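> Structure for the following, please:
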Amino acid sequence: MALLASWLTGRHLWKSVTTLIFLVIFTLAYSTSPPHPCQCWPDWQPIKDEHEYYCKDTKSEKTFHCNIDLPPICKCKENGQIINRPLGEVNCVEIGRTFDNINCEPDSQWKTWFDKYPQYRLYH
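Numbers count the residues shown, from 1 in each chain. The predicted structure follows:
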């Protein structure tokens, strides 16, 4: 009887240890998993359509590509007054609205960002 009790206790102990090891490995694997393939800006969420991911502004219908560095805030002048455009705006062009210039300010910050992402530059 003592031998059977010893065997059951050892088997139970081994099962508990293997379960614990599995849980530790699973937790480590889950916590060190790679980041989401689509990194978005604050208040933007990754959305997947039938083909690929893109980022969508949670406050509007604006979309942008994934994994793009946060652009500077676009500052446009309207009748001489500075207007801060929403995040994701990369120029001072808007239907039904006329700004004093089509390029965002400050120029130096935008030049740096456009050097990295020239596909978003407004060519004229």
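> which stretches of this protein aren't confidently modelled?
Along the chain, segments meeting pLDDT under 70 span 1-35, 124.
> go again using 50 as the cut-off
Applying pLDDT under 50 to the chain flags residues 4, 7, 20, 24, 28-29.
> Let me see the ranges of the strands in it.
According to DSSP state E, the chain carries its strands in the segments 44-48, 53-57, 63-64, 75-78, 81-84.
> With respect to residue 100, which of those lies nearest?
Closest approach to residue 100 among the strands of the chain (C-beta to C-beta): strand 75-78, 4.1 Å. Using the backbone N, CA and C atoms, a C-beta is placed for each residue, glycine as well.
> From the recorded domain assignment, give the ranges for the protein.
1-33, 44-120 (automatic domain parsing).
> Point out the most buried one among these.
Highest mean neighbour count among the domains of the chain (mean count of other C-beta atoms under 10 Å): domain 44-120, with a mean of 13.
> Span of that one from start to end?
Using C-alpha to C-alpha, to the nearest Å, the end-to-end distance of domain 44-120 comes to 18 Å.
> if we can go back for a sec, nearest to residue 92 among the strands of the chain would be which one?
strand 75-78 (3.7 Å).
> What is the closest one packed up against?
Contact here means 3 or more C-beta pairs under 8 Å, 6 or more residues apart in numbering; DSSP states H and E; on that basis strand 75-78 packs against strand 81-84.
> Quickly run through the sheet partners of the strand it packs on, with directions.
Taking DSSP bridges as the criterion, strand 81-84 sits next to strand 75-78 (antiparallel) in its sheet.
> Other residues contacting the partner strand?
82-85, 92, 97-101, 104-106 (C-beta atoms under 8 Å, 6 or more residues apart in numbering).
> wait, what's in contact with the nearest residue to residue 46 once chain neighbours are set aside?
Nearest residue to residue 46 in three dimensions, chain neighbours excluded: residue 38, at 3.7 Å (C-beta to C-beta, 6 or more residues apart in numbering). Contact partners of residue 38, counting by C-beta under 8 Å, 6+ apart, are 46, 48, 53-55, 66-67.
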